[in-house]
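Trainee: got a predicted structure plus its sequence, pasted below:
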There are 2 protein chains.
Amino acid sequence: MQFQLTNEFIEQVEELIANNNGDALEALLNELHFADIAEIMQELDTDEATYIVKLLDTEVTSEILIELDEDFRERILDRLTPSEIADELDEMDTDDAADIIAELDDDVQKQVIGHIEDETHAADIVDLLRYDEDTAGGLMAKELVRVKETWTVAGCVREMRRQAENVTRVHSIYVTDKQGKLKGRLSLKDLLTAPERAHISEVYIPKVDYVNVHTEGEEVARIMQKYDLEAIPVVDDDGILVGRITIDDIVDFIKDEAEKDYQMAAGISVDVEADDSIWLLTRARLPWLILALIGGFVSVSVLGTFSGAMTHHPELFFFVPLIAAMAGNVGVQSSAIVLQGLANDSLRGSLWKRLVKEVLLSLLNGFILAIILVAGGMLLLGLDIMFGLTVAISLISVIITASLIGTFIPIMLEKRGIDPAMATGPFITTSNDICGILIYFTIAKLILGF
Amino acid sequence: MQFQLTNEFIEQVEELIANNNGDALEALLNELHFADIAEIMQELDTDEATYIVKLLDTEVTSEILIELDEDFRERILDRLTPSEIADELDEMDTDDAADIIAELDDDVQKQVIGHIEDETHAADIVDLLRYDEDTAGGLMAKELVRVKETWTVAGCVREMRRQAENVTRVHSIYVTDKQGKLKGRLSLKDLLTAPERAHISEVYIPKVDYVNVHTEGEEVARIMQKYDLEAIPVVDDDGILVGRITIDDIVDFIKDEAEKDYQMAAGISVDVEADDSIWLLTRARLPWLILALIGGFVSVSVLGTFSGAMTHHPELFFFVPLIAAMAGNVGVQSSAIVLQGLANDSLRGSLWKRLVKEVLLSLLNGFILAIILVAGGMLLLGLDIMFGLTVAISLISVIITASLIGTFIPIMLEKRGIDPAMATGPFITTSNDICGILIYFTIAKLILGF
C-alpha cells in the first residue's frame, strides 16, 4: 500500500514534463498522496517542480508546498505570481500560510496578502505574523470550533457543523463566555451523548489546559506531552481564546529540536542537511573547528612547557593522544547524560550528591580502564612499573576531572540562563583535552621527576 | 494554571503519609492532574508512593502508573497483590496494560491476568503480549470503534455511542467487511453530516493508510509523520483489523529514538538517565571507553614508530593533540550530518557526487584553518616556514580523510544492514585519531625527512 519512490518513476515524470503532457502527468499524480508527490518533487529541478504546482489543483498543491524543504519551496514561490501564491495560501490552514508567507520578501508579502480572496483568512494570517516563530503564537492556527456557554446542545451541533467545514480536525470544541474568554471545552463524544436541550454551561468541562500566546514552543511541547494532549487552546494576555495548537505541529517541533540538539553535540551550529550548499555547511561547521584549533594551540603550548621530559621519558609523549581521547570521551558521555536530564526536567536532588556519584562512577570506570592500560602496556609495550603507575594514576585523575567538567559545566550554564547544549561536543572535548594533558604531565613530573 | 512542584509541597505530602492522614492527602491530591501526581511520586520513596497508589481511585492511579519510570513502577508493583495490580490494569487501555504486565515475572503475570474482571479485556491484553515491543503489534491498542459496511448511518451512530465508551479518543471510525477485513474509514465529522438512512458503504472513505502488525515501530512513526496521521489502523497478515496506534504513543517513541541516537553519538550504549545506578551507568559507558582505550594503544604504537623524529623535530609531537582533535571533530560533524540524512531518508543522489562535495567542503574548511594555524604558529610560537608548511598540509589532508571516513562509514554500514548510528562518537573519533596521526607523521617524514 505504501508508495515506493523509484528512479524509473521520476524519469517517467520528467519525460511527461519535457513533452508538456499535462493530462497524462495529472492522471499519474492524482493517484498519489500529496506527501508522496512532495517526495517526487524534491527529486526534480525547480522548473519541473513549478510545472507540477501550476498543473495540479491548489487543494493538492497547497498541501505539497507545506511538505517541501524551505529553500526548495522558496525557489518555486519565486517562479509564481503573487496571485498564484495567494490561491495556494487560500487553501492552507492559517498557521501553515503564515509560516510560508513569512519566508517571502516584504513587498511580495503585501501583494500576496492583497490577493487572498477570503478576507477573514487574510486578516488571520496577518495577525499570526506578529508572533515569534518559536512561541505558542507562532505555532498556533486560528482554525478552531468555538461555542458560547449560553447556547444549547442542539444549537451547538448546528453551529459546529458550520464551523467544522474550515477545521480539518476537530479535537475539542472550545467554550467561551460572551467576551470570548476561554471557559472550558467539550469533546465531540460529549456532544453526541448530551441531551439536545441542555445548555452548554451544564455539560462542558471547565478544567482545560491552555497556553499563552507568548509561551515558548519548548514549554508547549512539554505540556502537551506531559498531559497527553492532542490539541491545546491558546489565549492572549486577557484570557481571550485566539487559536489552538495541534499535536502534529508539535511532533515536527520535537523532531526539529532533537535534531538541533544532536547537531549541536556534533559541533554544528546552524540547522543544516547533507544536501545543503558547501557555503552553508561551512558556516555551520567552521566556527566549532576554529574553537577546537584554538584549543589545539593551547595544548601545543602546554606540551611545550613540558619539553624537558623528552630527554628521559620520550614515551610520555606517545600516550598524549590516549589520555586526551579518554578525557574527551568521558566528558562527552557525562555532559550528554546531564543535558538529557536537564531537557527532560528529570534532574533533581542536591549538587553535592551528584558530585559524589560522579566521582564514584569515575573511580570505578577509571580503575577498570587503568588495569587494562597497565596490563596491556607492560605486556605489549614493555613499559616499566613506575611509568605504568604514572599513566594509571593520570588516567584515573583525568577521568574524574573530565566527568566533573562534563557534568557541572552544563548545570552551571543552565543556572545562569545560558543554553546548556552549548557545552557539548567540541567545547567539552577541547577543554578536557587541555585539562587532561596538563594533569597527565603534572602527575608524571611528580612521580618521575624530570 | 500549570502546577509547579516545590520542595514544600513534597514535604507536606510526606508528612501526611507519615501521619497516615489519608483523607487530607486524598483531598490535596485530587485537585491535581494525574501527570502532576506522578511527578510528585517520583520524588517519594517506594513505600510512600505505594501508599498513594493504594489510597487513590484506580481511575487515577492507573493513569499515574503509566506515567512513572519503569524501574520505579516495578518496585511499586512488587508491593501490590496480583488482585490490586489487576484492578489497575482493568482501567487501562490494552496497550498500556500489556506494556506493564510484560514487566512482571511470568508467574505473577498469570495470577494478575486471572484477576482481571473484564474477560475480553484480559484476552486482548494476552493477545498483545505476543508481539515484539518495537513493532506495530507491540505499540497498538485493541480499543477502537469499528462498524460494518452494511450498516446504516443511524445504526452506526447508535453502535458508535456504545463502543465509544471504552475508547478514550475517537479519531476515526474504521469500516470492515463481514469477515472483519479493513475496508476504509469514516471521520466523526462525516458521520455527523451524512444522511441518517444512508448505508456506510455509500459514505465511507475507502482510501485508508494502515500498517501490518509486524511493521517496525520506526516505520510506523515515519508513515504517521509523513502522512500527518493522528491514528493508524493495524491489520494482521489476512488484512483483518486488529488494533490501532495513536499519535501520542508515537510521540513517545520518536522522543525515545532521538534520545537513543543522541546517547549513542555520545558513546552511551544502553538507555540510561542521570539518576540510574552507578552500575547501570558503567555498563552503558565502559564498553565505549574500552574501545577508545584500545584505539589509544594503537596511537601509542604509531607514535612509537616515529620516535626517531624526536631528536630533530620534537615540536612535531606537540602538535599531535591538535591534529587528533581536528580529525575527531571533523569526523563527528560529517557523520552526524550523514546519519540524520539516513534517518530522515533524505539522502539520495550518487555516492560519487557526495564524495566530490565532501572533498571540496574539506578543502575549503582545511585551507581556512591551515592559514589560521600557520599564521598563529609562526607569530605566537615562532615556527619556521618548513615546519608550518608540514603542519598545514597535514591538517588539510587529515580534514579531508576524516570527513570522508565520517561520511562513508555510516553509508557503508547502512548498506550492509548494520545500524549506522554505531559509527558515531567514540568509534569515529578513535579511528580518526589514529588515521590523523599516521597521516601527519607520514607527511612530516616526507617534507622534513627524519
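Mentor: In hand now; what should we look at?

Trainee: list of residues touching stretch A:221-228?
Mentor: For stretch A:221-228, contacts defined as CB atoms under 8 Å, 6 or more residues apart in numbering or on different chains pick out A:209, A:211, A:229-230, A:232, A:245, A:247, A:250, A:253-254, A:257, A:345, B:2, B:33, B:35, B:248, B:251-252, B:255. Using the backbone N, CA and C atoms, a C-beta is placed for each residue, glycine as well.

Trainee: list only buried entries from the residues you listed.
Mentor: The neighbour count (16 or more other CB atoms under 10 Å in any protein chain shown) marks A:209, A:211, A:229-230, A:232, A:245, A:247, A:250, A:253-254, A:257, B:33, B:35, B:248, B:251, B:255 as buried among the contacts of stretch A:221-228.

Trainee: quick revisit: among the contacts of stretch A:221-228, name the ones in helices.
Mentor: Among the contacts of stretch A:221-228, the ones falling in helices (DSSP state H) are A:247, A:250, A:253, A:254, A:257, B:35, B:248, B:251, B:252, B:255.

Trainee: which residue packs closest to the first one, ignoring adjacent ones?
Mentor: Among residues not flanking residue A:247 along the chain, residue A:230 sits closest, at 4.8 Å (CB to CB, 6 or more residues apart in numbering or on different chains).

Trainee: phi first, then psi, for that neighbour.
Mentor: Main-chain dihedrals, residue A:230, degrees, to the nearest 10: phi -100, psi -20.

Trainee: can you check the one 5 residues further on too?
Mentor: Backbone torsions of residue A:235, given as degrees, to the nearest 10, read phi -120, psi 160.

Trainee: hang on, it packs against residue A:179?
Mentor: No - applying CB atoms under 8 Å as the test, residue A:235 and residue A:179 come out as separate, 11.9 Å apart.

Trainee: quick check, central residue of chain A?
Mentor: Relative to the mean C-alpha position of chain A, the nearest C-alpha, by CA atoms, centre = their mean, is the one of residue A:257, at 1.5 Å.

Trainee: from chain B, how far off is that one?
Mentor: With distances taken as CB to the nearest CB, to the nearest Å, residue A:257 is found 9 Å from chain B.

Trainee: show me what contacts that residue?
Mentor: Residue A:257 neighbours (CB under 8 Å, 6+ apart): A:218, A:221.

Trainee: show me which pair in the ones in helices among the contacts of stretch A:221-228 is furthest apart.
Mentor: Across the ones in helices among the contacts of stretch A:221-228, the longest distance by CB to CB is 20.2 Å; it joins A:257 and B:35.

Trainee: so what pLDDT did the residue nearest to residue A:247 get?
Mentor: The model reports residue A:230 with a pLDDT of 85.

Trainee: what's the burial count for the residue in the stretch 301-450 of chain A that chain B sits nearest to?
Mentor: Using CB to the nearest CB, the single residue of the stretch 301-450 of chain A nearest to chain B is residue A:322, 2.9 Å away. By the measure other CB atoms under 10 Å in any protein chain shown, the count of residues near residue A:322 is 27.

Trainee: near chain B, which residues of the stretch 101-250 of chain A? Just list them.
Mentor: Selection of the stretch 101-250 of chain A residues close to chain B by CB under 8 Å from any CB of the partner chain yields A:157, A:160-161, A:164, A:169-170, A:188-189, A:192-193, A:209-210, A:223, A:225-228, A:230, A:247-248, A:250.

Trainee: pLDDT below threshold where in chain A?
Mentor: Counting by pLDDT under 70, chain A has low-confidence residues at A:1-2, A:164-170, A:189, A:346, A:348-349.

Trainee: so how far is residue A:213 from residue A:243?
Mentor: Residue A:243 sits 8 Å away from residue A:213, going by CB to CB, to the nearest Å.

Trainee: and what of residue A:260?
Mentor: In this view, residue A:260 and residue A:213 are 23 Å apart by CB to CB.

Trainee: likewise for residue A:15?
Mentor: From residue A:15 across to residue A:213, the span is 49 Å (CB to CB).

Trainee: and what of residue A:424?
Mentor: Distance from residue A:424 to residue A:213, counting by CB to CB: 32 Å.

Trainee: which of these two has more residues huddled nearby?
Mentor: Neighbour count, other CB under 10 Å: between residue A:424 and residue A:213, residue A:424 has more, with 27 against 21.

Trainee: find the nearest non-adjacent residue to that one, please.
Mentor: Per CB to CB, 6+ apart, closest to residue A:424 is residue A:265, 4.2 Å.

Trainee: give me the neighbour count for the nearest residue to residue A:60 once chain neighbours are set aside.
Mentor: Nearest residue to residue A:60, sequence neighbours excluded (CB to CB, 6+ apart): residue A:34, at 5.4 Å. Residue A:34: 20 surrounding residues under other CB under 10 Å.

Trainee: now do residue A:226
Mentor: Neighbour count of residue A:226, defined by other CB under 10 Å: 18.

Trainee: and it, how close does it get to residue A:116?
Mentor: If you go by CB to CB, the gap between residue A:226 and residue A:116 works out to 37 Å.

Trainee: ok so, going back, now the two most distant members of the buried ones among the contacts of stretch A:221-228.
Mentor: Farthest pair in the buried ones among the contacts of stretch A:221-228 (CB to CB) is A:257 and B:33. Separation: 23.6 Å.

Trainee: element containing the residue of the stretch 151-300 of chain A found nearest chain B?
Mentor: Here the stretch 151-300 of chain A gets closest to chain B at one residue, residue A:296, 2.9 Å apart by CB to the nearest CB. Take DSSP states H and E as the rule and residue A:296 turns out to sit in helix A:278-305.

Trainee: and the next element down the chain from that helix?
Mentor: By DSSP H and E, the next helix or strand past helix A:278-305 is helix A:315-318.

Trainee: list the contacts of that following helix.
Mentor: Against helix A:315-318 from outside (CB under 8 Å, 6+ apart): A:303, A:306, A:309-310, A:383, A:387, A:390, A:440-441, A:444, A:448, B:299-300, B:303-304, B:307, B:310, B:317, B:320.

Trainee: what comes up buried for that helix?
Mentor: Using 16+ other CB under 10 Å as the burial criterion, the residues of helix A:315-318 that qualify are A:315, A:316, A:317, A:318.

Trainee: what's the neighbour count on the closest residue to the last one other than its chain neighbours?
Mentor: Of all residues not flanking residue A:318 in the chain, residue B:303 sits nearest, at 4.1 Å (CB to CB, 6+ apart). Neighbourhood size, residue B:303 [other CB under 10 Å]: 25.
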